[in-house]
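>>> fold the following and give me the result.
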Amino acid sequence: MSENPQSTHPDGTPTRLGRYRLVRPISTGGMARVFEGRRESLAGVAPRVAVKVILPTYAGEGRFRDLFINEARIGSMLQHQNLVQIQDFDCEQGVYYLVMEYVEGLTVRRCMSLSRRNERSIPHQVVAELG
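Purely as a prediction, here's the structure:
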């Protein structure tokens, strides 16, 4: 059964932006929230993606929109094995969103937190791979 195209997450973010279905929130930062998403296609293939959306509080402010657009523009020019790749950027229903590859696993912040809590250092080989 297909979901209502007008349905939203509790924060007011639409559950669908373009061809992307926003499955669940992953993280929230100072001006944006990142969702696990699925890119849907006619072939039925729905690869996982990360979809970053400006928080509704800031969505109407041109300054934050411009910062977000610059992030997308600059980020799309960067290519490195340790950076997630930007796949798409668009605006739907007045909501700007940035689509990136989805990377499974712990964040660097979470790894550092676990390291401190367990009083264990992160091996230097792992740190060196971060670049």
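
>>> give me the contacts around the longest helix seen in the chain.
For the chain, the helix with the greatest residue count under DSSP state H is helix 62-77. The contact list for helix 62-77 (CB atoms under 8 Å, 6 or more residues apart in numbering) reads 31-32, 54, 58-59, 83, 86, 89, 96, 98. All C-beta spots, glycine's among them, are computed from the backbone N, C-alpha and C.

>>> could you do stretch 121-131 as well?
80-82, 108, 111-112, 115.

>>> re earlier: so which of the contacts of helix 62-77 sit within strands?
Here DSSP state E is the test, and the contacts of helix 62-77 give 32, 54, 86, 89, 96, 98 as lying in strands.

>>> now for those: which two are most distant?
54 and 86 (15.3 Å; CB to CB).

>>> wasn't residue 35 part of a helix?
No - per DSSP: H, G, I helix; E, B strand; the rest coil, residue 35 lies outside any helix segment and is strand.

>>> how many other residues sit next to it?
Neighbours of residue 35 under the rule other CB atoms under 10 Å: 23.

>>> likewise for residue 13?
By other CB under 10 Å, the residues close to residue 13 number 21.

>>> now the phi/psi pair for it, please.
phi -70, psi 130 (degrees, to the nearest 10).

>>> the nearest residue to it once chain neighbours are set aside: what's it in contact with?
Take residue 13 and drop its neighbours on the chain: the residue closest to it by CB to CB, 6 or more residues apart in numbering is residue 53, 5.5 Å away. By CB under 8 Å, 6+ apart, the contact list for residue 53 reads 13, 17, 22, 32-35, 95-98.
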